[in-house]
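[1] Here is my input, please return the structure:
(chains A and B)
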Number of protein chains: 2
Amino acid sequence: MNGSPERMDADLLEAAVREARAGRAEGGIPIGAALFHVDGTLLGAGHNRRVQDGDPSMHAETAAFRNAGRRPTYRDTIMVTTLSPCWYCSGLVRQFNIGRVVIGEARTFHGGHDWLAEHGVAVTVLDDDECVGMMTEFIAAEPQLWFEDIGETQ
Amino acid sequence: MNGSPERMDADLLEAAVREARAGRAEGGIPIGAALFHVDGTLLGAGHNRRVQDGDPSMHAETAAFRNAGRRPTYRDTIMVTTLSPCWYCSGLVRQFNIGRVVIGEARTFHGGHDWLAEHGVAVTVLDDDECVGMMTEFIAAEPQLWFEDIGETQ
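    Numbering: from 1, shown residues only, chains lettered A, B, ... in the order given. You can find the predicted model right below:
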């Protein structure tokens, strides 16, 4: 975790990108997330599990949150996600007072991260090319699955 | 599902209350929820599973949503919950365009239901005495567990 803030954010994002790649390799939706302590310790990571488990409640962020287990506070944590968090996952961040969110990209989907910033969450959008590429390819290949995952009816 | 709208809402709430009672009997947090189709068909029900599964991501509403399985749309569904939904669960309702929310009570906790109403969700608060009683008793008995479940630091 040494180096510039940009380098550190890129290191954090890599943990989420690994999850997204793993999810796609399993035939699932390529969105990954990781919850870190502010000291750089990984607390939990996960990826979208709609296809793998038939579970619509497991978005990447909720999977990372679940895998981190029970904690008394989240103010000292960072949620790192490959994609702008939807309202469901933005609500998770706000309710549990997660202090900071690092987002791979917000081009292919713009969720609730502006709302989080308005409510005091530190938000960083990295505009990462690999994240954009994974989602662009996925949405083109499986639009119905994508719309299902965000509750949109075509 | 016959009778007046109030009677129908009370019938829907009973499914969520049963879940809350079951959760408390297991030593957990007494919040229950049920997702119904607008025709009255029960799609899924569940209760908070923080204690039972060590899973902070399973609030009552997310458990009911998970247990309903994958669906292409939620506009024709009603989320029934014993307690005003927190930001996490309100975000779930908004993202998936769940059309209506029926809430047992909002006295012991006031979540995001006003925000949902502002965004077009039909919200009904029943102010049910049993729901108020379960939460009042629980919060008095286990305040630390309650604050953990809503991400608040005492």
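
[2] Please work out which residue of chain A is closest to chain B.
    Taking Cβ to the nearest Cβ, chain B has its nearest neighbour within chain A at residue A:91, 2.3 Å off. For the C-beta atoms, the positions are set from N, CA and C on the backbone; glycine is no exception.

[3] ok, now which ones touch the closest residue to that residue other than its chain neighbours?
    Of all residues not flanking residue A:91 in the chain, residue B:91 sits nearest, at 2.3 Å (Cβ to Cβ, 6 or more residues apart in numbering or on different chains). Going by Cβ atoms under 8 Å, 6 or more residues apart in numbering or on different chains, residue B:91 touches A:86, A:87, A:88, A:89, A:90, A:91, A:92, A:94, A:112, B:112.

[4] same question, residue A:69
    Contacts for residue A:69 (Cβ under 8 Å, 6+ apart) come out as A:43, A:44, B:54, B:56.

[5] on that earlier part again, where does the residue nearest to residue A:91 land in three-state SS?
    helix (DSSP: H, G, I helix; E, B strand; the rest coil).

[6] Residue A:30 now?
    Strictly by three-state DSSP, residue A:30 counts as coil.

[7] Burial check on it, number of neighbours?
    Residue A:30 sits with 25 neighbouring residues when counted by other Cβ atoms under 10 Å in any protein chain shown.

[8] Settle this for me: it is touching residue A:136, isn't it.
    No: using Cβ atoms under 8 Å, residue A:30 is not in contact with residue A:136; the gap is 10.3 Å.

[9] Which of the helices or strands spans the closest residue to residue A:68 other than its chain neighbours?
    Of all residues not flanking residue A:68 in the chain, residue A:44 sits nearest, at 3.0 Å (Cβ to Cβ, 6+ apart). Assigned by DSSP states H and E, residue A:44 belongs to strand A:42-47.

[10] That strand: partners in the sheet, and parallel or antiparallel?
    Neighbouring strands of strand A:42-47 in its sheet, by DSSP bridges, are strand A:32-37 (antiparallel).
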